[in-house]
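*Asks:* For reference, the sequence and a predicted model appear below.
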Amino acid sequence: MSGKREDRKHSRVELSSHPLKGHLALISGNQVTACLISLKDVSKSGAGVFAKFEVPVKTRVLLSIEGVSFPPLEGRIVWCSPTRGDPSAPLTHPFRLGIDFSPADDAARENQLAVYAYISKVATDSTEE
């Protein structure tokens with residue numbers, strides 16, 4: 001299945017010790033649906049999030065992270081699975097989504113890398129305390 005751990009281009013920063021919340025805008029044609037998410041992990045090219053409902057693969061998304069002043073990250077859902085058996089999953093978020101970032105241009109790519117650097121620093125600082 002594309003997007004699973006063995007197919008990842010970059011290593012991920014695990015956020016279970018420093019959970020971050022965010023918003024996911026799901027874009028389908030002219031319709032946009034927003035949902036609250038909890039970030040599980042992030043890399044330079046994607047993220048894993050916990051969501052309240054199942055999202056179809058290939059759905060376009062915009063990911064905004066609370067407390068992060070960068071513009072939303074553009075991407076697509078590459079996989080979706082139930083969180084049963086995952087001890088780090090919030091009980092209120094029964095699905096895990098894999099997001100592959102797909103920046104539209106160089107500015108969006110720079111934003112994506114800046115968000116990754118910021119989150120990496122936050123996660124590293126929280127584990128050193």
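*Replies:* Arrived safely, thanks for sending. Residues are numbered from 1 along each chain as shown.
*Asks:* other SSEs contacting the longest strand along the chain?
*Replies:* Of all the elements of type strand in the chain, the one with the most residues (DSSP state E) is strand 31-42. Here strand 31-42 touches strand 13-14, strand 20-28, strand 46-51, helix 106-128, going by 3 or more Cβ pairs under 8 Å, 6 or more residues apart in numbering; DSSP states H and E. Heads up, the C-betas are built off the backbone N, CA and C, glycines and all.
*Asks:* And the ones you listed: which comes nearest residue 81?
*Replies:* Minimum separation from residue 81 across the helices and strands packed on strand 31-42 (Cβ to Cβ) falls at strand 46-51, 10.3 Å.
*Asks:* who does the closest one pair up with?
*Replies:* Partner strands for strand 46-51, per DSSP bridges, with pairing direction: strand 31-42 (antiparallel), strand 95-101 (antiparallel).
*Asks:* Tell me which of those strands is the most buried.
*Replies:* strand 95-101 (a mean of 23; mean count of other Cβ atoms under 10 Å).
*Asks:* Okay, angle between it and helix 106-128 too, please.
*Replies:* What separates the directions of strand 95-101 and helix 106-128 is an angle of 130 degrees, with axes from the mean of the first three to the mean of the last three Cα atoms, to 10 degrees.
*Asks:* any residues touching strand 95-101, and which ones?
*Replies:* The list of residues contacting strand 95-101 from outside it, by Cβ atoms under 8 Å, 6 or more residues apart in numbering, reads 3-4, 24, 37, 40, 45-55, 61, 63, 73-83, 86, 89, 112.
*Asks:* Selection in PyMOL covering whichever of those residues are buried, please.
*Replies:* Selecting only the buried members of the contacts of strand 95-101 in PyMOL, with burial defined as 16 or more other Cβ atoms under 10 Å, works like this:
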select buried, resi 3+24+37+40+45+46+47+48+49+50+51+55+61+63+73+74+75+76+77+78+79+80+83+89+112
